[in-house]
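**Q** 3D, please:
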Amino acid sequence: MKTALITGGTKGIGKAIALAFLQQGYEVVINYSNDEKTAIETQEEFNILGFCPILLRADVSNEQQVKGMFREFFQLYSHLDVLVNNAGICLEKNKVIQTTSLLEWNKIIAVNATGAFLCSREVADNMICFGSGCIINISSIWGEVGASCEVAYSASKGAIISFTKALAKELAPSKVRVNCVSPGFIDTKMNAHLTSQEYEELIDSIPIGRVGTGADVAKACLYLAEADYVTGEVLSVGGGYAK
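**A** All right, here's what the predicted structure looks like:
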C-alpha cells in the first residue's frame, strides 16, 4: 500500500489533501505542529469516515524535530511514496515592508521555505534507494506574481517554486519526481483577515467566478502523485487568476 505524509495536514488545504489521499487508499501520516486539539479532532473525524491516519508532531522549521518525525515514520513504514510540503503560515494582517519585523520575516521563511527543505532532505535518501517517490510542494499564486503588503509570504512561496525546479532536476535521474501546486484564492481560515470588500474584489478578479476550495488543491496533488512523467512543474490552481 502506498504511503503519504502531509505536513500541516490537520486543517485547511492540508486537511483536504490528507482526506483525498485517504480516499485513494493511501496510508496517510498527518503532521502538525502545536495545535494538538485540532489534530486529534481531525483524526477522530477521519476515523468516523472509516480512515485511520497517523499523527506525527513536529515544527517543520526545527531541524531536530523534523529528523525525529521521519525517524518515527520510517519505524512504521519502509518507504514514503508521497511527501506533501503543505505547512505554511502568513502574517495575521497585511503589512507594508516598513512595518514587517525581522522576526516576522524569519519565521515565515523558516516555516514556509526552510520547512520544505528540511522535510525533503530527510526523505531524499529513502526515495532514491527505492527508485521512486514524489515530493509535492505547496506554493501560492503570490509566489508567482507577488502580493503588495505580503512581501515575506510572497518571497517564501516564490522560494518554494525555485526550490521545486532545482530539486526536480537533481532527483530526476533517481526516478524521484518533484512538483509544485500553486493555489490561488482558497477559502481557508488563512484568509479570515480579509474584509468583506477585499473578499468580493478578489472574487471579481477570478475569471472562473468563485473562490477555490481545499478539495480543488487536493485534486491537483493527486494528479501529480500519479503523473509518472511530470516533474519540475508548477501547477496553478487559481481559477485563471493572474493568467
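**Q** which residues touch the helix ranked longest in the chain?
**A** The longest helix of the chain (DSSP state H) is helix 151-171. The contact list for helix 151-171, computed with C-beta atoms under 8 Å, 6 or more residues apart in numbering, reads 85, 88, 90-91, 97, 100, 104-105, 108-109, 111-113, 116-117, 120, 124, 127-128, 135, 137-140, 142-144, 146-147, 177-180, 182, 231-232, 234. Every residue, glycine included, has its C-beta placed from N, CA and C.
**Q** report the angle between the axes of whatever helix or strand comes next after it and helix 151-171?
**A** Remark: after helix 151-171, the chain's next helix or strand is strand 177-183, criterion DSSP states H and E. Interaxial angle, strand 177-183 versus helix 151-171 (axes from the mean of the first three to the mean of the last three C-alpha atoms, to 10 degrees): 160 degrees.
**Q** The helix or strand containing E41 - what's its average pLDDT?
**A** When elements are assigned from DSSP H and E, E41 belongs to helix 36-48. Computed over helix 36-48, the mean pLDDT rounds to 97.
**Q** what does that helix contact?
**A** With C-beta under 8 Å, 6+ apart as the contact definition, helix 36-48 has outside contacts at 9-11, 15, 18-19, 22, 30, 32, 52-53, 55, 57.
**Q** from the residues you listed, which would you call buried?
**A** G9, T10, K11, K15, A18, L19, L22, I30, Y32, P53, R57 (16 or more other C-beta atoms under 10 Å).
**Q** Among those, name the ones in helices.
**A** Those of these lying in helices (DSSP H): K15, A18, L19, L22.
**Q** tell me the contacts of the first one?
**A** By C-beta under 8 Å, 6+ apart, the contact list for K15 reads G9, T42, G214.
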